[in-house]
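Colleague: Compute the structure for the input listed below.
(chains A and B, ligands or ions: 2)
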Protein chains: 2
Amino acid sequence: MFDVRPVAYVTGLLVAVLGASMLVPMAVDFAYGNGHWPIFLEAAIVTALTGGLAALASANGVGPRLSLRQTFLIATLAWLVLPVFAAIPFMLGPPEARFVDAFFEAMSGLTTTGSTVFVGLDSLPEGVLLWRSMLQWFGGVGIIVVAMVFLPELRVGGMQIFRTEAFDTAGKILPRAAQIAARIGVVYLVLTAACIAAYRAVGMDAFDAVNHALTTVSTGGFSTTDASFGAFQGVPEYVASVFMVLASLPFVRFVQLMGGSAMPLWRDSQVRAFLVVMLALTGVTALYRVLANDDHLEHAIREGLFNVTSIMTGTGYASVDYQLWGSFPVVLFFFLGLIGGCAGSTCCSIKIFRYQLLISAIRAQIRRLHSPHGVFEPRYEGRKVGEDVISSVITFFVIFIVTLGVLSVALAMTGLDTVTALSGAATALANIGPGLGREIGPAGNFAGLNDTAKWLLSLAMLAGRLELMTVLVLFTRRFWSA
Amino acid sequence: MFDVRPVAYVTGLLVAVLGASMLVPMAVDFAYGNGHWPIFLEAAIVTALTGGLAALASANGVGPRLSLRQTFLIATLAWLVLPVFAAIPFMLGPPEARFVDAFFEAMSGLTTTGSTVFVGLDSLPEGVLLWRSMLQWFGGVGIIVVAMVFLPELRVGGMQIFRTEAFDTAGKILPRAAQIAARIGVVYLVLTAACIAAYRAVGMDAFDAVNHALTTVSTGGFSTTDASFGAFQGVPEYVASVFMVLASLPFVRFVQLMGGSAMPLWRDSQVRAFLVVMLALTGVTALYRVLANDDHLEHAIREGLFNVTSIMTGTGYASVDYQLWGSFPVVLFFFLGLIGGCAGSTCCSIKIFRYQLLISAIRAQIRRLHSPHGVFEPRYEGRKVGEDVISSVITFFVIFIVTLGVLSVALAMTGLDTVTALSGAATALANIGPGLGREIGPAGNFAGLNDTAKWLLSLAMLAGRLELMTVLVLFTRRFWSA
Ligand SMILES: [K+]
Ligand SMILES: [K+]
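Modeller: Ligands and ions are numbered 1, 2, ... in the order given. Take a look at the predicted model:
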């Protein structure tokens, strides 16, 4: 038996905080004169009470540090329990969703995926729209903390190479998490404020600016309108692109930047690789639009930049249905979504550093082909990388692809068509948002899918967000024995 | 400078043999009274002469053993030059194809891919049909020899684990190749003869039986009719299934079997894993057909068995358009094609042993997650597997997936629709044959693709057949320097 009390304590605290935060959309609905504001109060009371009691009941079992098992369990359990409570307002008030839809939407929010099952966003009360955006914003900062504190500690997916970076405080895991969260929180708040100001400056009204800022800096992608970013074509697309890119850089570099040293940001090879790939593919897409679609240059560059960054960072805003551009952008964007941003940002998917490590491992491999008896070690940022890091990265990549395959087959089995099944699996696992095809494409919506598919996709978002291994390890006998 | 003469010698000899073999379809066309039989004579003379002269001119440079570089170069060059000559009869006589089409068809033959650009197979002269089948048959035995002699030596894609197996003769690479080829050749001939007899026994005429036997034991998939195996529904599908499966097992086990020991075959974990996966997916597909499509049981089992084995072994015969069954089989078969058969057989694709090694590596990884300071090594058939094998396998897997992505994008850029681009890339790289969608699906044909797409697919077949790394290494500066 192992002590589940610390797990219940941390999860309970998080639930309580989530409950308290429901007072914000309540206040907004009240201010806008939306009669259903008591819904959020009810939900807040139920949530805060449940969470608070769970935390209180288990507080006596919290020791000075967490075991590996407890840490793994917290990561998955928190991301599984929070959406259940976050879904309550969606069920009690408009859009009066069924549990499967409310849970899907909440999971899509907290994992910053951004796929939506709600139709008619434009007519939903402001409080509900804000609640969706807030879930993504929480999810965004939550995942940075998980990626910086928990995953390196858990040695998941090669994240251990970021273990001793920047925050080498040698503290216990929970105090350290609090300390990191505090510093990251400041960066996150500054970025959000700047994004709100920028959106206001280019003409968005206050409500839209706040909501889109919350879902931009979290690379979440929820919008306040069914048209998504199609309602804000023009200069706001440039603003969104800039902030989506900023949100995809390693937040630890911003902390260092605020401490006065810009060098770590410029020297970070992840950052450079990310920017090079992003700009190159923007160029290719814009060129294609001009040459193949007779688009004019500024429009081609703007739409190219916005959509490439939106997909690559995993934000998933849609400003146009790029499926109408021909099959080249469609196939390109499908694979683009499997690249992702930098580790330690709000981005998900496979992430650029894993490709860098894979390329480095492949290079070492090619040298070995040529000189079978030489010893060649992969390197990252000039330092030798241990075999355990490489094998973690590779494990992640293989499991990602295999999960993608199995999930696609399962989705097709529930009756989804080929393109919907394949792209739905990819967009959920990589936490992007839109899929491909008529149903769930950039111009579509997940509302029409069957319930089984919605559950499968919800779990895929969770697994993708926690870098797969964190969740998978819970299903091994070894985890529960001894 | 390094000595290209051994490369020219081996390639020349192979070309000369290919030329001589053209006398077989010549004789067949003559016997069937097809007036264009001199086409094959012309092609035979040109081919044998060119190959023979190249071999003669370089014979004086052949030393006792080949360097690594020469070996790599031979593997790729032979598979690039042979299709050029094999294409000649397709251009000189019916179907009077353009070079791009003739080369595609010859490459598709020699790599045992089985995608075709020829329409109206039923009206082509017997000699031409036989020549297509013969190319696959040569390709099949060629790849076994490459997989057993060259790839383990070159340490490509983890094949080094088969290095010391069965043929541990410690000889020089060329004599060893000859010795292995001889023993494998006997097995291959016996299997082919048995397959011809079996097809005859279930009612195929002699010509169809020979052609389909040649393309069954090579898991090639060319047929003598546009309807492919749709023309032979019923008992021949069971016969084909059995021989496709046999052709997907490691041929070295058959050699041992002929030596009187059956144990190595039953004990081979690749064989067991392959059969388990194949039978399980046959069951799932048949069940789906009965439950979802109201098919009757025998028909569901037969079509399930035939199509699952056809795709999983990479043969690519089509007996029906399984795209009409719904999206579940389509998505399943897409990923099924990425599994493949056993190493040392005529199969291609990623292959079952790589998945076994990946799973083993992932297991070791999960144990490490649980006990960060323990040492866990992946195992294969009970033996510890070195890190270099695992990293080779992983490199192969990653390069396969990344190449698939890049190729899909390139194909879409030439104007192919999304499904055609994605499935075309997969079917070429995994040497399966049919793709998905209306154009290149099981009921379609590659004839309508643009020339650029045909060239890209031809090169993909080559790269896929040689396990990617063999070809990729030629594009590194390191290969050519020093
Ligand atoms: K997203
Ligand atoms: K094939």
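
Colleague: OK, contacts around residue A:158?
Modeller: In this structure, residue A:158 makes contact with A:353-354, A:357, A:389-390, A:392-393, A:396, judged by CB atoms under 8 Å, 6 or more residues apart in numbering or on different chains. All C-beta spots, glycine's among them, are computed from the backbone N, C-alpha and C.

Colleague: That one and chain B, how far apart?
Modeller: Separation of residue A:158 from chain B (CB to the nearest CB, to the nearest Å) stands at 10 Å.

Colleague: What strand or helix carries the nearest residue to that residue once chain neighbours are set aside?
Modeller: What sits nearest to residue A:158 in space, not counting adjacent residues and going by CB to CB, 6 or more residues apart in numbering or on different chains, is residue A:393, at 3.6 Å. Element membership of residue A:393, judged by DSSP states H and E, is helix A:387-413.

Colleague: Would you mind listing the buried residues in that helix?
Modeller: A:388-405, A:407-413 (16 or more other CB atoms under 10 Å in any protein chain shown).

Colleague: that older thread, identify, from the contacts of residue A:158, the entry nearest to residue A:368.
Modeller: residue A:390 (13.2 Å; CB to CB).

Colleague: quick one, what contacts the closest one?
Modeller: Applying CB under 8 Å, 6+ apart, the residues contacting residue A:390 are A:158, A:357, A:361, A:378, B:391.

Colleague: The same query, at a cut-off of 10 Å, please.
Modeller: A:158, A:161, A:357-358, A:360-361, A:364, A:377-378, A:380, B:387, B:390-391, B:394 (CB atoms under 10 Å, 6 or more residues apart in numbering or on different chains).

Colleague: likewise residue A:15?
Modeller: Neighbour list for residue A:15: A:47-55, A:78, A:81-82, A:84-86 [criterion: CB under 10 Å, 6+ apart].

Colleague: Can you tell me the SS state at whatever residue of the stretch 101-250 of chain A ends up closest to ligand 2?
Modeller: Proximity of the stretch 101-250 of chain A to ligand 2 (CB to the ion) peaks at residue A:157, 35.1 Å away. Classification of residue A:157 by DSSP: H, G, I helix; E, B strand; the rest coil places it in coil.

Colleague: didn't it look like it was pressed against residue A:349?
Modeller: No - using CB atoms under 10 Å, residue A:157 is not in contact with residue A:349, being 11.5 Å away.

Colleague: Common neighbours of the two, please.
Modeller: With CB under 10 Å, 6+ apart, residue A:157 and residue A:349 have common neighbours residue A:400.

Colleague: Looking at these two, which is more packed in?
Modeller: Taking other CB atoms under 10 Å in any protein chain shown, residue A:157 and residue A:349 do not tie; residue A:157 has more neighbours (28 against 24).

Colleague: Can you pull the phi/psi pair for the more buried one?
Modeller: Backbone torsions for residue A:157, taken as degrees, to the nearest 10, come to phi 60, psi 30.

Colleague: for the closest residue to residue A:5 other than its chain neighbours, what are its contacts?
Modeller: Among residues not flanking residue A:5 along the chain, residue A:61 sits closest, at 2.7 Å (CB to CB, 6+ apart). By CB under 10 Å, 6+ apart, residue A:61 lies in contact with A:3-9.

Colleague: Reformat those residues as TSV; add distance to ligand 2, secondary structure and pLDDT.
Modeller: Listed next are those as TSV, based on distance: CB to the ion, whole Å; DSSP: H, G, I helix; E, B strand; the rest coil; pLDDT from 0 to 100:
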residue	distance to ligand 2	secondary structure	pLDDT
A:3	56	coil	80
A:4	53	coil	82
A:5	58	helix	88
A:6	55	helix	87
A:7	51	helix	88
A:8	55	helix	91
A:9	58	helix	91
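
Colleague: Please check those and keep the buried ones.
Modeller: Those of those that meet the buried threshold are A:5-9, by 16+ other CB under 10 Å.

Colleague: Now flag whichever of the residues you listed is closest to residue B:437.
Modeller: Taking CB to CB as the measure, residue B:437 sits nearest to residue A:7 out of the buried ones among the contacts of residue A:61, at 48.3 Å.

Colleague: Distance of the closest one relative to chain B?
Modeller: Note on residue A:7: its distance to chain B, by CB to the nearest CB, is 17 Å.

Colleague: Is the residue of chain A most remote from its centre part of a helix or strand, or is it coil?
Modeller: What lies farthest from the middle of chain A is residue A:373; by CA atoms, centre = their mean that is 43.0 Å. Per three-state DSSP, the local secondary structure of residue A:373 is coil.

Colleague: residue contacts, it?
Modeller: Taking CB under 10 Å, 6+ apart, one finds nothing in contact with residue A:373.

Colleague: Next, work out how far apart it and residue A:367 are.
Modeller: 11 Å (CB to CB, to the nearest Å).

Colleague: what do you get for residue A:403?
Modeller: 31 Å.

Colleague: again, but for residue A:56
Modeller: Distance from residue A:56 to residue A:367, by CB to CB: 59 Å.

Colleague: Point me to the residue of the stretch 51-200 of chain A nearest ligand 1.
Modeller: Closest to ligand 1 within the stretch 51-200 of chain A is residue A:114: 3.7 Å, counting by CB to the ion.
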